[in-house]
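# Quick one, what's the 3D model for this:
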Amino acid sequence: MALVGCSSDGQLTATGITVTRSACPAVAIPAATGDITLFNPENSRDASAIDVVAHITNVRSTCDETGENIITTVNFEIRGQRRDAAGAREVVLPYFAAVVQGGTAVLTKSISRVGLRFEDGQTRASTTGTATGQVARAAVTLPDEVRRQITRERKPGDADAAVDPLADPTVRDAVRKASFEVLVGFQLTDAQLSYNATR
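I've put the predicted structure just below:
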């Protein structure tokens with residue numbers, strides 16, 4: 001019973017594990033969109049035709065929860081490599097930022113571009129990108145009844161002591177609707193996406 005006192009995020013208590021749900025969206029790179037490969041000639045997929053390869057890395061985010069809208073700012077690095085080091089060259093790469101609700105519903109999507117500049121004689125280059133997403137605070141707030149059902153103290157011997165609250169479809173759906181992600185990745189053509197998915 002000594003565990004019943006104060007608890008912090010992830011701490012074991014007498015009634016289970018205490019987890020604090022953040023209002024800030026999760027930030028991620030969707031599968032197969034974190035890399036881009038440019039070919040020359042463009043319609044070739046031979047390894048010898050690979051012109052430029054770039055990938056997104058070092059993704060970091062900050063979240064402002066002070067207003068009616070929760071604003072997430074995402075910063076990341078783009079690193080690239082080219083086959084031919086001759087001459088200075090800038091390669092412009094498109095990337096997207098999307099706010100997704102419940103893992104499937106795209107609420108907003110924006111497309112930006114960033115220049116990756118290779119100096120003469122250099123095969124590698126890097127640059128940085130940024131993106132933002134915002135979600136209404138009301139949308140990430142669970143209804144009171146659902147919150148009570150999730151956080152209700154359950155004691156050993158109770159009929160539903162071992163039942164996960166998320167097993168209730170109503171609770172599960174409410175949590176899903178109140179869950180958001182900000183996704184960033186390269187804006188790929190169908191051919192580029194197919195190449196990433198199958199290589």
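# what sits against Leu188?
32-33, 36, 196 (C-beta atoms under 8 Å, 6 or more residues apart in numbering). To be clear about C-beta, it is placed using only N, CA and C from the backbone, and glycine gets the same treatment.
# How about residues contacting stretch 128-137?
Here stretch 128-137 has contacts from 23, 25, 56, 65, 67-78, 95, 97-99, 107-108, 110, 112, 114, 180, 182, 184, using C-beta under 8 Å, 6+ apart.
# which neighbours does the helix or strand containing Gly133 have in its sheet, and in what orientation?
Using DSSP states H and E, Gly133 maps to strand 124-136. Using DSSP bridges, strand 124-136 pairs in its sheet with strand 69-82 (antiparallel).
# What are the buried residues along the partner strand?
Within strand 69-82, the residues scored as buried using 16 or more other C-beta atoms under 10 Å are 70-74, 76, 78, 80-82.
# Turn those residues into JSON lines, including pLDDT.
Shown next, in JSON lines, are those (pLDDT from 0 to 100):
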{"residue": "Ile70", "pLDDT": "94"}
{"residue": "Ile71", "pLDDT": "95"}
{"residue": "Thr72", "pLDDT": "96"}
{"residue": "Thr73", "pLDDT": "97"}
{"residue": "Val74", "pLDDT": "97"}
{"residue": "Phe76", "pLDDT": "98"}
{"residue": "Ile78", "pLDDT": "98"}
{"residue": "Gly80", "pLDDT": "98"}
{"residue": "Gln81", "pLDDT": "98"}
{"residue": "Arg82", "pLDDT": "97"}
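# Could you dump those residues into TSV and include distance to Pro143?
Putting these into TSV (distance: C-beta to C-beta, whole Å) gives the following:
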residue	distance to Pro143
Ile70	18
Ile71	23
Thr72	23
Thr73	29
Val74	29
Phe76	34
Ile78	41
Gly80	46
Gln81	50
Arg82	53
